[in-house]
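Asker: Sequence and predicted structure are below.
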Amino acid sequence: MASILITGGAGFIGQAITRALSESPSHTITIVDNFARGRIDADLQSVLDRPNVTFIQGDVTDAAFFETLPTNFDYIYHLAAVIGVRNVMEKPDKVLYVNAISTLLLFEYAKRLPNLKRILFSSTSEIYAGTLKHFGITVPTPETEPLTLDDISSPRTTYMLSKMYGESICFNYGRLYNIPFTIVRYHNVYGPRMGFLHVVPEMFIKIRDNDGSTIDVASPSHTRAFCYIDDAVQSTILVTEHEQTQGEIINIGNQEQEIAICDLVKTIAKVMGKTITLNQLPDTPGSPARRCPDTSKIKTLTGFVPKIGLEEGLSRMYAWYADKLDSRHE
Ligand SMILES: NC(=O)c1ccc[n+]([C@@H]2O[C@H](COP(=O)([O-])OP(=O)(O)OC[C@H]3O[C@@H](n4cnc5c(N)ncnc54)[C@H](O)[C@@H]3O)[C@@H](O)[C@H]2O)c1
(Lines give C-alpha, C1' and ligand atoms only; values in the text may rest on other atoms or scores of the structure.)
Protein backbone atom coordinates (compact mmCIF):
# COMPACT_ATOMS: atom_id res chain seq x y z
CA MET A 1 0.00 0.00 0.00
CA ALA A 2 1.22 3.52 -0.77
CA SER A 3 -0.35 6.82 0.18
CA ILE A 4 0.29 9.53 -2.41
CA LEU A 5 -0.23 13.31 -2.47
CA ILE A 6 -0.39 15.11 -5.82
CA THR A 7 -0.35 18.91 -5.85
CA GLY A 8 -1.74 20.45 -9.04
CA GLY A 9 -3.61 17.17 -9.58
CA ALA A 10 -6.33 18.81 -11.70
CA GLY A 11 -3.78 20.01 -14.26
CA PHE A 12 -2.49 18.48 -17.48
CA ILE A 13 0.30 16.28 -16.09
CA GLY A 14 -1.23 15.94 -12.58
CA GLN A 15 -4.51 14.45 -13.80
CA ALA A 16 -2.67 12.01 -16.06
CA ILE A 17 -0.37 10.88 -13.22
CA THR A 18 -3.39 10.48 -10.91
CA ARG A 19 -5.17 8.41 -13.56
CA ALA A 20 -2.17 6.10 -14.01
CA LEU A 21 -1.43 5.68 -10.28
CA SER A 22 -5.08 5.09 -9.37
CA GLU A 23 -5.22 2.02 -11.68
CA SER A 24 -3.60 0.16 -8.80
CA PRO A 25 -5.87 -0.56 -5.82
CA SER A 26 -2.77 -0.55 -3.61
CA HIS A 27 -2.48 3.23 -4.11
CA THR A 28 -4.47 5.75 -2.08
CA ILE A 29 -4.26 9.12 -3.78
CA THR A 30 -5.08 12.59 -2.52
CA ILE A 31 -5.02 15.37 -5.07
CA VAL A 32 -4.94 19.04 -4.22
CA ASP A 33 -5.70 21.88 -6.61
CA ASN A 34 -7.13 25.40 -6.34
CA PHE A 35 -8.33 25.50 -9.99
CA ALA A 36 -6.05 28.40 -10.86
CA ARG A 37 -5.83 26.58 -14.19
CA GLY A 38 -6.99 22.98 -13.73
CA ARG A 39 -10.69 22.24 -14.15
CA ILE A 40 -13.22 19.54 -13.37
CA ASP A 41 -14.09 18.13 -16.77
CA ALA A 42 -15.22 14.63 -17.78
CA ASP A 43 -11.64 13.32 -17.71
CA LEU A 44 -10.89 14.55 -14.22
CA GLN A 45 -14.33 13.52 -12.96
CA SER A 46 -13.79 9.95 -14.15
CA VAL A 47 -10.61 9.83 -12.07
CA LEU A 48 -12.25 11.43 -9.04
CA ASP A 49 -14.98 8.77 -9.22
CA ARG A 50 -12.42 6.06 -8.43
CA PRO A 51 -12.67 4.81 -4.85
CA ASN A 52 -8.96 5.31 -4.13
CA VAL A 53 -8.87 8.99 -5.18
CA THR A 54 -9.73 11.91 -2.88
CA PHE A 55 -9.89 15.50 -4.07
CA ILE A 56 -9.19 18.45 -1.80
CA GLN A 57 -9.69 21.98 -3.08
CA GLY A 58 -6.88 23.94 -1.49
CA ASP A 59 -4.13 26.46 -2.05
CA VAL A 60 -0.58 25.21 -1.61
CA THR A 61 0.65 28.73 -0.90
CA ASP A 62 -1.42 28.74 2.30
CA ALA A 63 0.60 27.53 5.30
CA ALA A 64 -2.62 26.88 7.27
CA PHE A 65 -3.82 24.54 4.53
CA PHE A 66 -0.83 22.24 5.09
CA GLU A 67 -1.82 21.98 8.77
CA THR A 68 -5.08 20.33 7.63
CA LEU A 69 -3.40 17.62 5.52
CA PRO A 70 -2.75 14.11 6.83
CA THR A 71 0.87 13.22 7.54
CA ASN A 72 0.92 9.63 6.35
CA PHE A 73 2.05 10.17 2.73
CA ASP A 74 4.70 7.92 1.21
CA TYR A 75 5.13 9.88 -2.02
CA ILE A 76 4.42 13.49 -3.05
CA TYR A 77 4.25 14.69 -6.65
CA HIS A 78 4.60 18.49 -6.57
CA LEU A 79 3.12 19.69 -9.87
CA ALA A 80 1.21 22.81 -8.75
CA ALA A 81 2.73 25.90 -10.34
CA VAL A 82 1.88 28.94 -12.41
CA ILE A 83 3.17 28.21 -15.91
CA GLY A 84 2.76 29.19 -19.56
CA VAL A 85 4.11 32.09 -21.59
CA ARG A 86 0.99 34.23 -21.14
CA ASN A 87 0.98 33.85 -17.34
CA VAL A 88 4.71 34.47 -17.20
CA MET A 89 4.43 37.70 -19.20
CA GLU A 90 1.22 38.99 -17.56
CA LYS A 91 1.54 37.66 -13.99
CA PRO A 92 5.25 37.33 -13.18
CA ASP A 93 4.40 38.17 -9.54
CA LYS A 94 2.17 35.07 -9.34
CA VAL A 95 4.88 32.93 -10.97
CA LEU A 96 7.42 34.05 -8.37
CA TYR A 97 4.99 33.81 -5.45
CA VAL A 98 3.19 30.54 -6.14
CA ASN A 99 6.15 28.57 -7.49
CA ALA A 100 8.49 29.59 -4.66
CA ILE A 101 6.11 29.62 -1.67
CA SER A 102 4.39 26.35 -2.56
CA THR A 103 7.71 24.52 -2.74
CA LEU A 104 9.02 26.05 0.50
CA LEU A 105 5.82 25.19 2.37
CA LEU A 106 5.78 21.70 0.93
CA PHE A 107 9.30 20.99 2.17
CA GLU A 108 8.48 22.52 5.58
CA TYR A 109 5.47 20.18 5.71
CA ALA A 110 7.62 17.24 4.56
CA LYS A 111 9.76 17.58 7.71
CA ARG A 112 6.74 16.21 9.60
CA LEU A 113 6.07 13.15 7.41
CA PRO A 114 7.47 10.00 9.04
CA ASN A 115 6.85 7.65 6.07
CA LEU A 116 7.97 9.90 3.24
CA LYS A 117 9.91 8.00 0.57
CA ARG A 118 10.16 10.72 -2.11
CA ILE A 119 9.08 14.19 -3.21
CA LEU A 120 8.94 14.58 -6.98
CA PHE A 121 9.66 18.19 -7.97
CA SER A 122 8.58 19.22 -11.47
CA SER A 123 11.16 21.49 -13.10
CA THR A 124 11.52 22.44 -16.72
CA SER A 125 13.69 22.53 -19.85
CA GLU A 126 13.25 26.32 -19.65
CA ILE A 127 15.95 26.23 -16.96
CA TYR A 128 18.56 25.77 -19.75
CA ALA A 129 17.35 28.82 -21.73
CA GLY A 130 19.78 31.36 -20.22
CA THR A 131 22.83 29.20 -20.91
CA LEU A 132 21.60 28.53 -24.42
CA LYS A 133 21.05 32.22 -25.12
CA HIS A 134 24.27 33.59 -23.65
CA PHE A 135 26.87 30.86 -24.05
CA GLY A 136 25.44 28.27 -26.41
CA ILE A 137 24.57 24.83 -25.13
CA THR A 138 25.28 21.19 -25.77
CA VAL A 139 22.40 19.71 -27.78
CA PRO A 140 21.04 17.15 -26.90
CA THR A 141 21.32 18.83 -23.49
CA PRO A 142 22.40 16.78 -20.45
CA GLU A 143 21.35 17.53 -16.86
CA THR A 144 24.95 18.53 -16.04
CA GLU A 145 24.82 21.65 -18.24
CA PRO A 146 25.68 24.70 -16.05
CA LEU A 147 22.69 26.97 -15.49
CA THR A 148 22.65 30.66 -16.36
CA LEU A 149 19.97 33.15 -15.47
CA ASP A 150 18.71 35.33 -18.31
CA ASP A 151 17.96 39.08 -17.89
CA ILE A 152 16.85 39.39 -14.23
CA SER A 153 14.62 42.41 -15.03
CA SER A 154 12.53 40.50 -17.57
CA PRO A 155 9.19 38.90 -16.58
CA ARG A 156 10.15 35.95 -18.77
CA THR A 157 13.02 35.13 -16.37
CA THR A 158 10.64 34.60 -13.43
CA TYR A 159 9.64 31.09 -14.47
CA MET A 160 13.17 29.70 -14.88
CA LEU A 161 14.23 31.50 -11.69
CA SER A 162 11.33 30.01 -9.72
CA LYS A 163 12.22 26.52 -10.91
CA MET A 164 15.94 27.00 -10.15
CA TYR A 165 14.89 28.13 -6.68
CA GLY A 166 12.69 25.04 -6.34
CA GLU A 167 15.57 22.78 -7.33
CA SER A 168 17.77 24.49 -4.73
CA ILE A 169 15.09 23.90 -2.07
CA CYS A 170 15.11 20.20 -2.96
CA PHE A 171 18.88 19.85 -2.53
CA ASN A 172 19.21 21.97 0.60
CA TYR A 173 16.12 20.89 2.54
CA GLY A 174 16.83 17.39 1.32
CA ARG A 175 20.34 17.41 2.79
CA LEU A 176 19.52 19.26 6.05
CA TYR A 177 16.32 17.41 6.92
CA ASN A 178 16.88 14.07 5.21
CA ILE A 179 13.98 14.57 2.81
CA PRO A 180 14.26 12.25 -0.20
CA PHE A 181 13.55 13.95 -3.53
CA THR A 182 13.85 13.63 -7.30
CA ILE A 183 13.79 16.54 -9.73
CA VAL A 184 12.41 16.07 -13.24
CA ARG A 185 12.98 18.61 -15.99
CA TYR A 186 10.11 18.18 -18.45
CA HIS A 187 10.75 18.93 -22.13
CA ASN A 188 7.75 19.76 -24.32
CA VAL A 189 5.18 17.30 -23.00
CA TYR A 190 2.09 17.13 -25.23
CA GLY A 191 -1.18 15.24 -25.25
CA PRO A 192 -4.90 15.42 -24.52
CA ARG A 193 -6.16 18.01 -22.04
CA MET A 194 -3.18 20.35 -22.25
CA GLY A 195 -5.32 23.44 -22.95
CA PHE A 196 -5.16 25.49 -26.12
CA LEU A 197 -2.16 27.77 -25.55
CA HIS A 198 0.39 25.46 -27.14
CA VAL A 199 1.76 25.00 -30.64
CA VAL A 200 -0.04 21.67 -31.28
CA PRO A 201 -3.64 22.63 -30.32
CA GLU A 202 -3.09 26.03 -31.95
CA MET A 203 -2.08 24.23 -35.14
CA PHE A 204 -5.15 21.93 -34.92
CA ILE A 205 -7.34 25.04 -35.03
CA LYS A 206 -5.30 26.84 -37.69
CA ILE A 207 -5.28 23.82 -40.02
CA ARG A 208 -8.95 23.06 -39.48
CA ASP A 209 -9.91 26.67 -40.20
CA ASN A 210 -7.64 26.94 -43.27
CA ASP A 211 -8.37 23.67 -45.01
CA GLY A 212 -6.67 23.58 -48.40
CA SER A 213 -4.93 26.89 -48.01
CA THR A 214 -1.56 28.09 -46.87
CA ILE A 215 -0.29 27.79 -43.31
CA ASP A 216 2.35 30.28 -42.16
CA VAL A 217 5.22 28.63 -40.27
CA ALA A 218 7.91 30.73 -38.58
CA SER A 219 11.37 29.24 -37.86
CA PRO A 220 10.51 26.24 -40.09
CA SER A 221 13.89 24.51 -39.82
CA HIS A 222 14.20 24.92 -36.05
CA THR A 223 13.90 21.63 -34.22
CA ARG A 224 12.12 20.62 -31.02
CA ALA A 225 11.62 17.25 -29.29
CA PHE A 226 8.09 16.43 -28.13
CA CYS A 227 7.28 13.85 -25.47
CA TYR A 228 3.84 12.23 -25.36
CA ILE A 229 2.04 12.51 -22.01
CA ASP A 230 1.88 8.72 -21.44
CA ASP A 231 5.68 8.49 -21.69
CA ALA A 232 6.04 11.51 -19.39
CA VAL A 233 3.68 9.94 -16.85
CA GLN A 234 5.33 6.51 -16.91
CA SER A 235 8.82 7.95 -16.57
CA THR A 236 7.76 10.34 -13.79
CA ILE A 237 6.27 7.51 -11.73
CA LEU A 238 9.28 5.32 -12.43
CA VAL A 239 11.85 7.91 -11.26
CA THR A 240 9.75 8.74 -8.19
CA GLU A 241 9.76 5.11 -7.07
CA HIS A 242 13.23 4.07 -8.26
CA GLU A 243 16.04 3.75 -5.72
CA GLN A 244 18.74 4.98 -8.12
CA THR A 245 17.02 8.33 -8.77
CA GLN A 246 16.93 9.60 -5.17
CA GLY A 247 18.58 13.05 -5.07
CA GLU A 248 18.97 13.17 -8.86
CA ILE A 249 17.94 15.60 -11.60
CA ILE A 250 16.40 13.77 -14.54
CA ASN A 251 15.52 15.10 -18.00
CA ILE A 252 12.13 13.82 -19.13
CA GLY A 253 11.54 14.11 -22.84
CA ASN A 254 11.88 12.22 -26.09
CA GLN A 255 15.33 12.59 -27.60
CA GLU A 256 14.48 10.26 -30.49
CA GLN A 257 11.62 12.45 -31.70
CA GLU A 258 13.45 15.71 -32.49
CA ILE A 259 11.68 17.25 -35.48
CA ALA A 260 11.81 20.43 -37.57
CA ILE A 261 8.80 22.71 -37.02
CA CYS A 262 7.79 22.48 -40.71
CA ASP A 263 7.75 18.67 -40.45
CA LEU A 264 5.77 18.89 -37.22
CA VAL A 265 3.12 20.96 -38.99
CA LYS A 266 3.02 18.50 -41.92
CA THR A 267 2.59 15.59 -39.46
CA ILE A 268 -0.22 17.42 -37.65
CA ALA A 269 -2.01 17.99 -40.97
CA LYS A 270 -1.51 14.31 -41.85
CA VAL A 271 -3.14 13.03 -38.64
CA MET A 272 -6.02 15.47 -39.24
CA GLY A 273 -6.43 14.09 -42.77
CA LYS A 274 -5.91 17.58 -44.25
CA THR A 275 -3.87 18.83 -47.17
CA ILE A 276 -1.94 22.04 -46.60
CA THR A 277 0.71 24.17 -48.25
CA LEU A 278 3.39 25.64 -46.01
CA ASN A 279 4.43 29.27 -46.24
CA GLN A 280 7.86 29.29 -44.64
CA LEU A 281 8.41 32.55 -42.72
CA PRO A 282 11.77 33.84 -41.42
CA ASP A 283 13.14 32.64 -38.08
CA THR A 284 11.61 34.30 -35.01
CA PRO A 285 14.33 36.45 -33.35
CA GLY A 286 15.65 34.69 -30.24
CA SER A 287 14.14 31.32 -31.12
CA PRO A 288 16.82 28.64 -30.57
CA ALA A 289 17.66 26.59 -33.66
CA ARG A 290 17.65 23.32 -31.71
CA ARG A 291 16.13 22.18 -28.44
CA CYS A 292 16.44 18.57 -27.42
CA PRO A 293 17.10 16.83 -24.10
CA ASP A 294 19.80 14.25 -23.58
CA THR A 295 17.80 11.46 -21.97
CA SER A 296 20.63 8.95 -21.51
CA LYS A 297 20.59 9.42 -17.71
CA ILE A 298 17.06 8.09 -17.20
CA LYS A 299 17.84 5.22 -19.56
CA THR A 300 21.03 4.32 -17.68
CA LEU A 301 19.47 4.59 -14.21
CA THR A 302 16.07 3.01 -14.87
CA GLY A 303 16.13 1.48 -18.37
CA PHE A 304 13.25 3.75 -19.46
CA VAL A 305 12.88 4.63 -23.12
CA PRO A 306 9.83 6.49 -24.50
CA LYS A 307 7.45 4.33 -26.50
CA ILE A 308 5.08 6.70 -28.29
CA GLY A 309 6.30 8.15 -31.60
CA LEU A 310 5.23 11.61 -32.71
CA GLU A 311 2.67 10.56 -35.31
CA GLU A 312 1.04 8.10 -32.91
CA GLY A 313 0.99 10.70 -30.10
CA LEU A 314 -0.47 13.40 -32.35
CA SER A 315 -3.17 10.99 -33.57
CA ARG A 316 -4.19 10.14 -30.01
CA MET A 317 -4.13 13.81 -29.10
CA TYR A 318 -6.23 14.83 -32.09
CA ALA A 319 -8.77 12.08 -31.31
CA TRP A 320 -9.31 13.83 -27.98
CA TYR A 321 -9.27 17.42 -29.31
CA ALA A 322 -11.28 16.99 -32.53
CA ASP A 323 -14.71 17.70 -31.00
CA LYS A 324 -13.42 20.28 -28.49
CA LEU A 325 -11.75 22.81 -30.77
CA ASP A 326 -14.67 25.23 -30.47
CA SER A 327 -14.67 25.17 -26.69
CA ARG A 328 -11.13 26.42 -26.37
CA HIS A 329 -10.03 27.58 -22.94
CA GLU A 330 -6.67 28.29 -21.34
N1 LIG B 1 3.58 20.62 -19.55
C2 LIG B 1 4.89 20.68 -19.81
O3 LIG B 1 5.37 20.41 -20.93
C4 LIG B 1 5.82 21.11 -18.71
C5 LIG B 1 7.12 21.46 -19.09
C6 LIG B 1 8.00 21.84 -18.09
C7 LIG B 1 7.60 21.82 -16.77
N8 LIG B 1 6.35 21.48 -16.42
C9 LIG B 1 6.00 21.52 -14.99
O10 LIG B 1 5.15 20.43 -14.65
C11 LIG B 1 4.18 20.87 -13.68
C12 LIG B 1 2.78 20.54 -14.18
O13 LIG B 1 2.59 21.19 -15.43
P14 LIG B 1 1.21 21.11 -16.21
O15 LIG B 1 1.52 21.26 -17.65
O16 LIG B 1 0.41 19.97 -15.72
O17 LIG B 1 0.56 22.48 -15.71
P18 LIG B 1 -0.99 22.82 -15.37
O19 LIG B 1 -1.11 24.31 -15.35
O20 LIG B 1 -1.88 22.06 -16.27
O21 LIG B 1 -1.14 22.24 -13.89
C22 LIG B 1 -0.76 22.97 -12.75
C23 LIG B 1 -1.89 22.84 -11.76
O24 LIG B 1 -1.51 23.53 -10.57
C25 LIG B 1 -2.67 24.14 -10.06
N26 LIG B 1 -2.29 25.22 -9.15
C27 LIG B 1 -1.69 26.40 -9.49
N28 LIG B 1 -1.51 27.14 -8.38
C29 LIG B 1 -1.97 26.41 -7.33
C30 LIG B 1 -2.07 26.65 -5.93
N31 LIG B 1 -1.61 27.79 -5.39
N32 LIG B 1 -2.60 25.69 -5.15
C33 LIG B 1 -3.06 24.52 -5.68
N34 LIG B 1 -3.00 24.25 -7.00
C35 LIG B 1 -2.47 25.19 -7.81
C36 LIG B 1 -3.43 24.64 -11.29
O37 LIG B 1 -4.80 24.89 -11.05
C38 LIG B 1 -3.20 23.48 -12.25
O39 LIG B 1 -4.25 22.53 -12.18
C40 LIG B 1 4.41 22.36 -13.43
O41 LIG B 1 5.16 22.50 -12.26
C42 LIG B 1 5.24 22.80 -14.63
O43 LIG B 1 6.10 23.85 -14.30
C44 LIG B 1 5.43 21.14 -17.37
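Answerer: Structure's in. What do you need?

Asker: Pull the contacting residues for the residue lying closest to residue 2 once chain neighbours are set aside.
Answerer: Using C-beta to C-beta, 6 or more residues apart in numbering and skipping the chain neighbours, the partner closest in space to residue 2 is residue 74 (4.6 Å). Glycine gets a C-beta too; all of them are placed from N, C-alpha and C. Listed by C-beta atoms under 8 Å, 6 or more residues apart in numbering, the contact set of residue 74 reads 2, 3, 4, 115, 116, 117.

Asker: 6 Å - rerun?
Answerer: If you count contacts by C-beta atoms under 6 Å, 6 or more residues apart in numbering, residue 74 has them with 2, 3, 115, 117.

Asker: Could you list which of those residues belong to strands?
Answerer: Judged by DSSP state E, the contacts of residue 74 include 2, 3 as members of strands.

Asker: Columns neighbour count and pLDDT on top of the contacts of residue 74, output as JSON lines?
Answerer: Below are those laid out as JSON lines (neighbours: other C-beta atoms under 10 Å; pLDDT from 0 to 100):
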{"residue": "2", "neighbour count": "15", "pLDDT": "98"}
{"residue": "3", "neighbour count": "19", "pLDDT": "98"}
{"residue": "115", "neighbour count": "11", "pLDDT": "97"}
{"residue": "117", "neighbour count": "15", "pLDDT": "98"}
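
Asker: which two in the contacts of residue 74 are spaced the farthest apart?
Answerer: Farthest pair in the contacts of residue 74 (C-beta to C-beta) is 3 and 117. Separation: 10.2 Å.

Asker: Which residues of the chain lie near the ligand?
Answerer: Contacts of the chain with the ligand, taken as C-beta under 6 Å from any ligand atom, map to 8, 10-14, 32-38, 59-61, 79-83, 98, 102, 122, 124, 186, 188-189.

Asker: Can you tell me which of the residues you listed are buried?
Answerer: Restricting these to buried positions leaves 8, 10-14, 32-34, 36-38, 59-61, 79-83, 98, 102, 122, 124, 186, 188-189, with burial counted as 16 or more other C-beta atoms under 10 Å.

Asker: Of those, which belong to helices?
Answerer: Judged by DSSP state H, helices contain the following of those: 12, 13, 14, 98, 102.

Asker: Might you report the residue contacts of the closest residue to the second one other than its chain neighbours?
Answerer: The spatially closest residue to residue 13, leaving aside those adjacent along the chain, is residue 79, at 5.6 Å (C-beta to C-beta, 6+ apart). Neighbouring residues of residue 79 by C-beta under 6 Å, 6+ apart: 7, 8, 13, 14, 122.

Asker: Just the pLDDT for the third one.
Answerer: The predicted structure scores residue 13 at 98 on the pLDDT scale.

Asker: can you give me the helices for the chain?
Answerer: 12-21, 42-48, 63-67, 85-90, 92-110, 129-135, 157-177, 199-209, 229-241, 261-272, 296-302, 310-321.

Asker: can you state the direction angle for the last one and helix 199-209?
Answerer: I take that to be helix 310-321. Taking axes from the mean of the first three to the mean of the last three C-alpha atoms, to 10 degrees, one finds helix 310-321 and helix 199-209 inclined to each other by 70 degrees.

Asker: Look up how far residue 247 lies from the residue lying closest to residue 313 once chain neighbours are set aside.
Answerer: What sits nearest to residue 313 in space, not counting adjacent residues and going by C-beta to C-beta, 6+ apart, is residue 228, at 3.5 Å. Going from residue 228 to residue 247 by C-beta to C-beta, to the nearest Å gives 27 Å.

Asker: Neighbour count: these two, which is higher?
Answerer: Neighbour count, other C-beta atoms under 10 Å: between residue 228 and residue 247, residue 228 has more, with 24 against 14.

Asker: mind listing what the more buried one touches?
Answerer: 191, 308, 313 are the contacts of residue 228 under C-beta under 6 Å, 6+ apart.

Asker: Then residue 220?
Answerer: Contact analysis of residue 220 by C-beta under 6 Å, 6+ apart lists 261, 262, 280.

Asker: Include neighbour count when you put those into a markdown table, please.
Answerer: Shown next, in a markdown table, are those (neighbours: other C-beta atoms under 10 Å):
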| residue | neighbour count |
| --- | --- |
| 261 | 22 |
| 262 | 16 |
| 280 | 14 |
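
Asker: min pLDDT across the residues you listed, which one?
Answerer: Lowest pLDDT within those is found at residue 280 (92).

Asker: out of everything not next to it in sequence, what's closest to that residue?
Answerer: residue 220 (4.3 Å).

Asker: how close does the closest residue to residue 215 other than its chain neighbours get to residue 257?
Answerer: Distances taken as C-beta to C-beta, 6+ apart put residue 276 closest to residue 215, at 5.0 Å, once the chain neighbours are dropped. Separation of residue 276 from residue 257 (C-beta to C-beta) stands at 21 Å.

Asker: Roughly how far does residue 293 sit from residue 194?
Answerer: In terms of C-beta to C-beta, residue 293 sits 18 Å off from residue 194.
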